[in-house]
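Visitor: my questions are about this predicted structure, shown below with the sequence.
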Amino acid sequence: MLHVSCYNRIVHCCVMRGPAEDAGPLCVASEVMGVAVPVYDWELHRRLNEMRERYGNHRRFYKSATWRRLRARVLEEFHYESQDELRESPARYVRATCVHHDRFIDKWPGWALSEFWADDEGNVHRNLIPLSHDAHDKRHGRIGARPKERVTDAVSEEWW
């Protein structure tokens, strides 16, 4: 069963379940309407989880040549324009410096190198989204630096 519809460059297709022990999504087609339909990469899932366990982060992934090429391609495709600011004000240009994973690597490492991801209903969504540094921080809830603690009690009578 494959249901396909396309509007505004968003492709929808049906998605079947992955292996029985893992309830992850797996798409049945390789290309629909000229857009590659994503398939969850279980091997990448395994490798990135091992990397996280060994090193405690995904820094090596973000320094890999494969990620850097994909990141550059996504930024060029959107003309280095931050999509969150574009949505807020189309007349205002804000340069994108980051590529955000809509499916976080910590939770869904198999989507890390996929431009799109498929949900359980068969909808295909963009995974890699070009954002400015500020917009990326907002998406992750890191708005601004932590406020510094103010000293409220004077150590002495003089404040110098």
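Guide: Perfect, thanks for sending it.

Visitor: measure the nearest residue to residue 96 once chain neighbours are set aside to residue 84 for me?
Guide: Nearest residue to residue 96 in three dimensions, chain neighbours excluded: residue 130, at 3.6 Å (CB to CB, 6 or more residues apart in numbering). The way it works is simple: take the backbone N, C-alpha and C, and place the C-beta from them, glycine included. According to CB to CB, to the nearest Å, residue 130 stands 9 Å off from residue 84.

Visitor: hmm, back to that, what's near enough to touch the residue nearest to residue 96?
Guide: Neighbour list for residue 130: 74, 75, 78, 80, 81, 82, 83, 96, 98, 99, 100 [criterion: CB atoms under 8 Å, 6 or more residues apart in numbering].

Visitor: cutoff 6 Å now
Guide: The neighbours of residue 130, taking CB atoms under 6 Å, 6 or more residues apart in numbering as the test, are 74, 75, 78, 83, 96, 99.

Visitor: strands - which of those residues land there?
Guide: Members of the contacts of residue 130 lying in strands (criterion: DSSP state E): residue 99.

Visitor: weed out the non-buried ones from the contacts of residue 130.
Guide: Buried by 16 or more other CB atoms under 10 Å: 74, 75, 78, 83, 96, 99, out of those.

Visitor: quickly list what the residue nearest to residue 96 is bridged to.
Guide: residue 99 (DSSP bridges).

Visitor: please report how far residue 134 lies from residue 98.
Guide: Distance of residue 134 to residue 98, given as CB to CB: 10 Å.

Visitor: over to residue 45?
Guide: Distance from residue 45 to residue 98, by CB to CB: 23 Å.

Visitor: try residue 79
Guide: Computed as CB to CB, the residue 79 to residue 98 distance reads 15 Å.
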